[in-house]
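S.K.: mind folding the following:
(chains A and B)
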Protein chains: 2
Amino acid sequence: MREKVLSYLEEYKMVSENDHVIAGVSGGADSVCLFRVLLELREKMGFTLSVVHVEHGIRGEDSLRDGEFVKNLAREFGVESVLVHCCVPQEAEKRGISTEEAARILRYEIFEGQAVLREREYGLKSSQVKIAVAHHREDLAETMVFHLCRGSGIDGLCGIPPVRGRIIRPLLCVTRREIETYLIGRRQVFCTDDTNQDREYSRNFIRHEILPKLCEVNKGALKHMWEFSRELSEASGYLKEETNRVFSESVRQGEGAVFCDVEKLFQNPYVIVKRVLKKALEEAAGSSKDIAREHVEELLDLAEGGVGRKASLPYGMEGVKTYGEIAIRKGRKECPGEGLVFGVLEENLARGEAGAIIATPKGKIFCRIREFSKKDAEIPKNKYTKWLDYDKIKNVLLFRTRRRGDFFILDGKGHRKYLKDYFINEKVPREFRDEIVLAAEGSHILWAVGYRISEEYKVTKDTREILELRFTEE
Amino acid sequence: MREKVLSYLEEYKMVSENDHVIAGVSGGADSVCLFRVLLELREKMGFTLSVVHVEHGIRGEDSLRDGEFVKNLAREFGVESVLVHCCVPQEAEKRGISTEEAARILRYEIFEGQAVLREREYGLKSSQVKIAVAHHREDLAETMVFHLCRGSGIDGLCGIPPVRGRIIRPLLCVTRREIETYLIGRRQVFCTDDTNQDREYSRNFIRHEILPKLCEVNKGALKHMWEFSRELSEASGYLKEETNRVFSESVRQGEGAVFCDVEKLFQNPYVIVKRVLKKALEEAAGSSKDIAREHVEELLDLAEGGVGRKASLPYGMEGVKTYGEIAIRKGRKECPGEGLVFGVLEENLARGEAGAIIATPKGKIFCRIREFSKKDAEIPKNKYTKWLDYDKIKNVLLFRTRRRGDFFILDGKGHRKYLKDYFINEKVPREFRDEIVLAAEGSHILWAVGYRISEEYKVTKDTREILELRFTEE
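M.R.: Numbers count the residues shown, from 1 in each chain, chains lettered A, B, ... in the order given. Purely as a prediction, here's the structure:
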């Protein structure tokens, strides 16, 4: 046991010399074993040890007895111990969670608090104070089966990590039977921990009804699940790293939306693409809850579809395929961030009879650049057809939705009007404002489709070339 | 059912128009359902259908009755059917495997044979003839649990693939209950298939004792396991691709060994490095059986260790850390392939008092280049110290083990002697020949450490600079 735990501690670099290790000891067999093993190893490995016992305030007399037992055990071996009381049922009610869940959260919060105290007391860096908890192979297997049934995917199936932040689990490499054998060998008594009986039904059911059967199929089942968990954790870590890398390369966040660069993203393998899209959804939603496989599938469809295609997503989000991107709108805001770009006017396409066509969610915009001869001087008044002075456009012409700071030029004197104020004047309902397609040069709006054009680009008798824009509804 | 299977067929592109699908029908509920569903879909999807029934020669009368049933079922719907008899027990004995295993192998061999016949008969390409088998969600879950207990890692946990070559599994998306409901709805009878009772103990145990309990933990357990299998298969496929890519970049195969370029290999994430090393081991062994985690760990240690370190590996293989590489020797052969390189003489290091040291598994070779003055003309006769004419060395001087074609120059006339013949003359035991360290320029051996030097490099009175080589045992 001692050697096994030692090499496990070393393999995962759980403890370094001069570290301080806080052992979480409930008084049950597992944590008493943890305490004794750490005691045997502390000199060799050069760390110091203390004990924290959390009294959950659930089991009354028994609970107080366990606390007393742990205090005496620590004193017997000359180790400092701290008893912390908390009231789990109250906390559970306050947070609206199960007793089991509340106990778990409080326990780790208390451990963390004690760790911070030790840092100050001993003048250690935070990485030098570890919290050791007594999970073993059965706990791991139980967690894995639980997640297998619940469907939490690869990350869930990894089970319990041997190291998470400053939490370390030195006993994850041993079985309950090894723990018992060890304790008997040391003539070490322990408390019969009733909390296991209190644990939520399905966990207990897995432990007592399923794990023994898995061991009947193969004697080494627990060991094999432990090994599988290691292998899967490595694979999962790698997938996460790759996902983060591709995410940072191909996803950018505006104020109002998350934008995925389709070309960059789809250079990567499908499995990574999916994970990046999921992460993008989670970023946009601000939560990873309820983001499911089918939402990712919708984004995949979107990526393959044409510009302007939409998908409705959880958390009131919306996905839109725009010019080279998938945009996931975080939700409606009166102050828009970055407009969705549906297309760019390319001069060589828009010249000539055929013109260019820009697809938007509302409809198509036909664009054509042509010479302006005095003969056809009758400038259309049509709401959906506009002529603009093409020579006035110095930069790229974008077709997009609104952004913060968008404006028109109101009159010949160059007075500006913010688009937002214009929409308010025109009584355009808020929920429509984000959807109106704009032809824009920078923040300067040439035309809000269905509404006015900017005075600046008006056709005059000096105009040499015109840009003809014609909108047709979908 | 019909729609579910249809979209599953489409998702995995299992069948294309004008394909021919051979349904493997045992007569049991699953395969009868498979037959009926394919029958319903064949027109819509534009494929043709036939039935193959394999009679295993195990269950006597019952077995013949099932064959009769399948023949009649196919005739009823106007579908061509073929009955193939085989003798499983005989085959099992011949191959030294279980009846169950033999039945599985024979079944797929027969299906494949029938598929090839159909190709010829209908003039189809091999990709156009599919073999449909009736595995469903419980089969998948059963396989997953089996592998979880046995410890076959990520690739095993992927379970049963929906598509493997021309084998397709359209029912993997439905449960046994859905199959039964479907059959009742169609008033379709089927044979009670006893083979399930005959199946190996642990599989049946999983199906009847474990799966129902997993469904107690979570009603959707089978569905979740199916989804997990999909996710894991994707991840596994990606890992395999990456592994293959890195393998081809950093592993090369000589005749006698597999060589892993340490620098190139370790630029990659650890999880991929491990998989590449495992693949290298499998290549060297010519088998993936019994290649375990601990052998990969040994290679990792080797990679981090010094030149000349060794590890013994399964299949009588040996790992050696050489100059920038890990070499996995495939086993001893009289005709050597590529020698393991332990070091290269670098001129700037070997000049001056300090000289250079080359580490080999047998010991260290101290190398020094210095001026040859007539005063110290007493050339050492020591077995382990040699002086060579440095100016004669035109190319890189390697310290390595033997390769095919290695030779000495025997005398002043330039006669060659092959190293192999030299060793035979000297009565060097075969098992040592591969281990002798050589100083070599191309195939020309300057010095076989502990043996002779080449006449060509002998120090003469014209020598201006000498290379001093001194071997000390480890």
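S.K.: which SSE is the nearest residue to residue A:147 once chain neighbours are set aside in?
M.R.: Among residues not flanking residue A:147 along the chain, residue A:156 sits closest, at 3.6 Å (C-beta to C-beta, 6 or more residues apart in numbering or on different chains). For the C-beta atoms, the positions are set from N, CA and C on the backbone; glycine is no exception. Assessed by DSSP states H and E, residue A:156 sits inside helix A:153-157.
S.K.: residues of that helix that come out buried?
M.R.: Residues of helix A:153-157 classed as buried: A:153-154, A:156-157 (neighbour count, 16 or more other C-beta atoms under 10 Å in any protein chain shown).
S.K.: just checking, residue A:141 touches residue A:221?
M.R.: Yes - the pair residue A:141 and residue A:221 qualifies as a contact (C-beta atoms under 8 Å) at a distance of 7.4 Å.
S.K.: quick check: residues of the stretch 151-300 of chain A near chain B?
M.R.: Proximity of the stretch 151-300 of chain A to chain B (C-beta under 8 Å from any C-beta of the partner chain) is limited to residues A:151, A:153-154, A:157, A:202, A:205-206, A:209-210, A:213-218, A:220-221, A:223-225, A:227-228, A:231-232, A:234-235, A:237-239, A:241, A:269-272, A:274, A:293.
S.K.: filter these to the buried ones?
M.R.: With burial judged by 16+ other C-beta under 10 Å, the buried subset of those is A:151, A:153-154, A:157, A:202, A:205-206, A:210, A:213-218, A:221, A:223-225, A:228, A:231-232, A:234-235, A:237-239, A:269, A:271-272, A:274.
S.K.: would you mind measuring from the residue in the stretch 51-200 of chain A positioned nearest to chain B to residue A:470?
M.R.: Scanning the stretch 51-200 of chain A for the residue nearest chain B gives residue A:151, at 2.8 Å (criterion: C-beta to the nearest C-beta). Residue A:151 sits at a distance of 51 Å from residue A:470 (criterion: C-beta to C-beta, to the nearest Å).
S.K.: which stretches in the stretch 201-350 of chain A count as helices?
M.R.: Under the criterion DSSP state H, counting those that start in this stretch, the stretch 201-350 of chain A contains helices at A:201-205, A:211-217, A:221-250, A:262-265, A:270-285, A:293-304, A:347-350.
S.K.: I'd like the ones you listed as CSV, with mean pLDDT appended.
M.R.: As requested, the helices of the stretch 201-350 of chain A are exported to CSV (pLDDT from 0 to 100):
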stretch, mean pLDDT
helix A:201-205, 80
helix A:211-217, 90
helix A:221-250, 91
helix A:262-265, 90
helix A:270-285, 89
helix A:293-304, 86
helix A:347-350, 78
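S.K.: nearest to residue A:423, out of these?
M.R.: Taking C-beta to C-beta, helix A:270-285 is the member of these nearest to residue A:423, at 24.6 Å.
S.K.: for the closest one, name the packing helices and strands.
M.R.: Judged by 3 or more C-beta pairs under 8 Å, 6 or more residues apart in numbering or on different chains; DSSP states H and E, helix A:270-285 is in contact with helix A:221-250, strand A:251-253, strand A:257-261, helix A:262-265, helix A:293-304, strand A:325-329, helix B:221-250.
S.K.: give the buried residues for the third one.
M.R.: Neighbour-count burial for strand A:257-261, with 16+ other C-beta under 10 Å as criterion, is recorded at A:257-260.
S.K.: check the second one too.
M.R.: Within strand A:251-253, the residues that count as buried by 16+ other C-beta under 10 Å are residue A:251.
S.K.: and it, what does it pack against?
M.R.: Helices and strands touching strand A:251-253, by 3+ C-beta pairs under 8 Å, 6+ apart, are strand A:257-261, helix A:270-285.
S.K.: recalculate using a threshold of 6 Å.
M.R.: Using 3 or more C-beta pairs under 6 Å, 6 or more residues apart in numbering or on different chains; DSSP states H and E as the contact test, no helix or strand touches strand A:251-253.
S.K.: contacts for the helix or strand in which residue A:367 is found next, please.
M.R.: If you go by DSSP H and E, residue A:367 is part of strand A:363-371. Defining contact as C-beta atoms under 6 Å, 6 or more residues apart in numbering or on different chains, one finds that strand A:363-371 is touched by A:345, A:350-351, A:355-358, A:390, A:465, A:467-474.
S.K.: buried ones in that strand?
M.R.: A:363-370.
S.K.: chain center to it, what's the gap?
M.R.: Computed by C-alpha atoms, centre = their mean, to the nearest Å, the chain-centroid distance of strand A:363-371 equals 42 Å.
S.K.: could you give the angle of whatever helix or strand comes next after that strand to strand A:363-371?
M.R.: For strand A:363-371, the following helix or strand on the C-terminal side (DSSP H and E) is strand A:385-389. Strand A:385-389 runs at 40 degrees relative to strand A:363-371, counting by axes from the mean of the first three to the mean of the last three C-alpha atoms, to 10 degrees.
S.K.: list the residues that contact the closest residue to residue A:238 other than its chain neighbours.
M.R.: Excluding the flanking residues, the one nearest residue A:238 by C-beta to C-beta, 6+ apart is residue B:271, at 4.5 Å. Residues in contact with residue B:271 (C-beta under 6 Å, 6+ apart) are A:234-235, A:238.
S.K.: repeat that for 10 Å
M.R.: Shown in contact with residue B:271 (C-beta atoms under 10 Å, 6 or more residues apart in numbering or on different chains): A:231, A:233-239, A:241, B:239, B:242-243.
S.K.: cool, and residue A:373?
M.R.: Residue A:373 makes contact with A:464, A:466 under the criterion C-beta under 10 Å, 6+ apart.
S.K.: and for residue A:400, the neighbour number?
M.R.: Per other C-beta atoms under 10 Å in any protein chain shown, the neighbour tally for residue A:400 reads 21.
S.K.: out of everything not next to it in sequence, what's closest to it?
M.R.: Residue nearest to residue A:400 in three dimensions, not counting chain neighbours: residue A:339, with 3.9 Å by C-beta to C-beta, 6+ apart.
S.K.: close enough to count as contact, the one you found and residue A:440?
M.R.: Yes - the criterion here is C-beta atoms under 10 Å, and residue A:339 meets it with residue A:440 at 7.7 Å.
S.K.: which residues do the two both contact?
M.R.: With C-beta under 10 Å, 6+ apart as the test, residue A:339 and residue A:440 both reach A:398-403, A:406.
S.K.: excluding sequence neighbours, find me the nearest residue to residue A:19.
M.R.: Spatially, and ignoring its direct neighbours in sequence, residue A:19 is nearest to residue A:47 (4.4 Å; C-beta to C-beta, 6+ apart).
S.K.: and that neighbour, how close does it get to residue A:407?
M.R.: 65 Å.
S.K.: contact partners for the spatially closest residue to residue A:285 that is not a sequence neighbour?
M.R.: Setting aside the residues directly before and after it, residue A:285 is nearest to residue A:315 in space (C-beta to C-beta, 6+ apart), at 4.2 Å. Counting by C-beta under 10 Å, 6+ apart, residue A:315 touches A:281-282, A:284-287, A:289-291, A:295, A:328, A:330-331.
S.K.: now the residues you listed in TSV, with neighbour count?
M.R.: Converted to TSV, these look like this (neighbours: other C-beta atoms under 10 Å in any protein chain shown):
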residue	neighbour count
A:281	26
A:282	15
A:284	26
A:285	21
A:286	10
A:287	12
A:289	10
A:290	10
A:291	21
A:295	22
A:328	27
A:330	21
A:331	13
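S.K.: quickly name whichever of these is closest to residue B:453.
M.R.: Distance ranking of the contacts of residue A:315 against residue B:453, using C-beta to C-beta, places residue A:282 first at 69.5 Å.
S.K.: test my guess that the closest one contacts residue A:291.
M.R.: Yes - between residue A:282 and residue A:291 there is a contact at 5.4 Å, judged by C-beta under 10 Å.
S.K.: how long is stretch A:427-434 from one end to the other?
M.R.: 14 Å (C-alpha to C-alpha, to the nearest Å).
S.K.: which of the contacts of strand A:363-371 count as buried?
M.R.: For the contacts of strand A:363-371, a neighbour count by 16+ other C-beta under 10 Å gives the buried set as A:345, A:350-351, A:355-356, A:358, A:390, A:465, A:467-471.
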